[in-house]
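Student: sequence below, structure please.
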Amino acid sequence: MPGAAALEAAFAALREEFQLASNYPAAALADAEAAIASLELPSPDQTHVEFVTIDPPGSTDLDQALHIERDGSGYRVRYAIADVPAFVRPDGELDAETRRRGQTIYAPDEKVPLHPQDITDDAGSLLADSVRGAFVWDFRLNAQGEMTDVGLQRARVRSRARLAYAEVQEQIDAGSAADSLMLLKEVGLKRVELERRRGGASLNLPEQDIVPTDDGGYRIEALSARPVEDWNAQISLMTGMAAAKLMMDGGIGILRTMPPPDEKSLRHFRRQTQALGREWDPSVPYGEYLRTLDASDPCQLAILHAAAALFRGAAYTPFDGSIPEHHVQTAIAAPYAHTTAPLRRLVDRFVLVLCEALANDGEIPAWVRDALPALPGLMAASDLRAAQVERASLDLVEAALLVQRVGQEFDAVVVSGSKPSPVNGTSTANGNGRPDQPLDRIASSQNGMRPSGPAKPFGTVQLADPAVTARCEGDMESGTTIRVRLVTADIQKRLVLFERVQA
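Tutor: Numbers count the residues shown, from 1 in each chain. The predicted structure follows:
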């Protein structure tokens, strides 16, 4: 792999290409510093609640803290969300800069934060043993894990520990975790079952993570989520569903929506499952069918990649008055709103303030109402930029991992079978030839375009080691294991290309 200096230069060029501003404008920083200096914590005190945070290792931008206890035959779940609105003066310089940024963007070598670091990683973060302001969601669940009551208030909280997913999973598996974490498993599994019953769907594809190495380089890990990550995500999903209901009942808000897959896409996907030997029974909801798939099996991995076509069209839908006709997030199978990551995502700040007012019969601030029409455009632009940076970062690291291995052969799984190459370089694939990404990943890249000339069939293959997914030329069938040869690995162009080795 190239040296650290070469990679650092490549990442700097990437940030310049996508206009990622690491440094904050002076006026916005002054706004943040003034807000931190004059911060007044809410009067309600919930520091007695033994909240903990659960995040990837090394995280310091901690948006959520959790506590669960038994409540008769059911449960009480308290979910504290960082009080970011306390730091952002409406219509101030910091507000304007966060609107320009939209969300935190994670590049391999550094993150480009939505808010200044003093807020994101310190004063606004729910760090362990620090008293912080928070929006505290207070849920009562019955024995089946269904919500029976929801409250929301601003309060001061104190997290007891900053935990990572791996250690929490180990503690739960060993039965040594604190009661609140053992109940996370219990509640999480019940919420998963409720999701299954209402028809929710998840792809459960292994994620490609860029991980720094001790020698200053990077590697790519393809990791499946641990069960605790799903259980924890269920608490966040429940909160987003509660936020959506509050806003719909109040007649004002902004939802995260996704249309159902159209019949043409469903028919095509069903034909793909037939061809791959694991036919989808039409009587089984597609979300339930997807849960049965095992990504470690080549054919089933190919089906999961094919299912990405069913997860398209996610959008932010504001309303002020009547509820929008299309108000459901189909993958969740319920109305839903983003509200649990205000340190990292712009829209959550507005949803939190709006929901707190609605939950307590308060007045909705004019700055929240006025912002609703503009938020979809701001979030769409930042979603696109984040997806482009994520895709370009993976392309760059993959090329760097393979640059000295051109001509070598690898075993690979075909996740998308052959199709004719587009004419004159136009392509529906992203970057190194990946099919369109699911849900919010609207990735695009100007790299990997084919030169004009005779069309060649191509597909998408996934290597096990290194964990690379890339374009491959040649005839191939989805779900098969083939031998491929590396033809190109170009760091500057962020391009990786394989060809099939004929037996």
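Student: how about the contacts made by Arg99?
Tutor: Shown in contact with Arg99 (C-beta atoms under 8 Å, 6 or more residues apart in numbering): 346, 374, 378. The way it works is simple: take the backbone N, C-alpha and C, and place the C-beta from them, glycine included.
Student: what is the rounded mean pLDDT of the helix or strand it falls within?
Tutor: Secondary structure from DSSP states H and E places Arg99 in helix 93-101. Mean pLDDT, helix 93-101: 97.
Student: now that helix, how far from the chain's geometric center?
Tutor: Distance of helix 93-101 from its chain centroid, counting by C-alpha atoms, centre = their mean, to the nearest Å, is 22 Å.
Student: neighbours of the closest residue to Glu288 other than its chain neighbours, how many?
Tutor: With sequence-adjacent residues excluded and distances taken as C-beta to C-beta, 6 or more residues apart in numbering, Glu288 is closest to Arg196, at 6.0 Å. The number of residues packed near Arg196 is 15, by other C-beta atoms under 10 Å.
Student: ok so, going back, most surrounded residue in the contacts of Arg99?
Tutor: With neighbours defined as other C-beta under 10 Å, the most crowded of these is Leu346; it has 26 neighbours.
Student: restricting to C-alpha, output the lengthiest strand in the chain in PDB.
Tutor: For the chain, the longest strand by residue count, based on DSSP state E, is strand 147-164. Below are the C-alpha coordinates for strand 147-164, written out as PDB (Å, rounded to 0.1, in the frame of the first residue of the first chain):
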ATOM      1  CA  MET A 147     -45.800   1.800  23.100                       C
ATOM      2  CA  THR A 148     -48.600   2.800  25.500                       C
ATOM      3  CA  ASP A 149     -47.400   6.200  26.500                       C
ATOM      4  CA  VAL A 150     -44.800   8.800  25.400                       C
ATOM      5  CA  GLY A 151     -43.500  11.900  27.100                       C
ATOM      6  CA  LEU A 152     -40.800  14.300  26.200                       C
ATOM      7  CA  GLN A 153     -39.000  17.000  28.200                       C
ATOM      8  CA  ARG A 154     -35.800  19.000  28.300                       C
ATOM      9  CA  ALA A 155     -33.800  18.000  31.300                       C
ATOM     10  CA  ARG A 156     -30.300  17.700  32.700                       C
ATOM     11  CA  VAL A 157     -28.800  14.200  32.500                       C
ATOM     12  CA  ARG A 158     -25.500  12.500  33.300                       C
ATOM     13  CA  SER A 159     -24.300   9.400  31.400                       C
ATOM     14  CA  ARG A 160     -22.600   6.800  33.600                       C
ATOM     15  CA  ALA A 161     -20.500   5.100  30.900                       C
ATOM     16  CA  ARG A 162     -19.400   5.400  27.200                       C
ATOM     17  CA  LEU A 163     -19.800   1.800  25.900                       C
ATOM     18  CA  ALA A 164     -18.900   0.200  22.600                       C
END
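Student: now do that strand: distance to the chain's middle.
Tutor: Distance, stretch centre to chain centre, for strand 147-164: 22 Å (C-alpha atoms, centre = their mean).
Student: so for it, what gets flagged as buried?
Tutor: 147, 150, 152, 154-160, 162-163 (16 or more other C-beta atoms under 10 Å).
Student: and stretch 408-421, by the same measure?
Tutor: Buried residues in stretch 408-421, counted by 16+ other C-beta under 10 Å: 410, 412-418, 421.
Student: outside of that stretch, which residues touch it?
Tutor: 298, 301-302, 305-306, 435, 450, 455-464, 469, 472-486, 498, 501.
Student: switch to 7 Å and redo it
Tutor: 298, 301-302, 305, 435, 450, 455-464, 475-486, 501 (C-beta atoms under 7 Å, 6 or more residues apart in numbering).
Student: restricted to buried residues, select those in ChimeraX.
Tutor: Remark: buried members of the contacts of stretch 408-421, expressed as a ChimeraX selection using 16+ other C-beta under 10 Å:
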select :298,301,302,305,435,450,458,459,460,461,462,463,476,478,479,480,482,484,485,486
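Student: among the contacts of stretch 408-421, which are in helices?
Tutor: 298, 301-302, 305 (DSSP state H).
Student: make JSON lines from these and add distance to Ser236 to it.
Tutor: Output for these, formatted as JSON lines (distance: C-beta to C-beta, whole Å):
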{"residue": "Pro298", "distance to Ser236": "32"}
{"residue": "Leu301", "distance to Ser236": "26"}
{"residue": "Ala302", "distance to Ser236": "29"}
{"residue": "His305", "distance to Ser236": "25"}
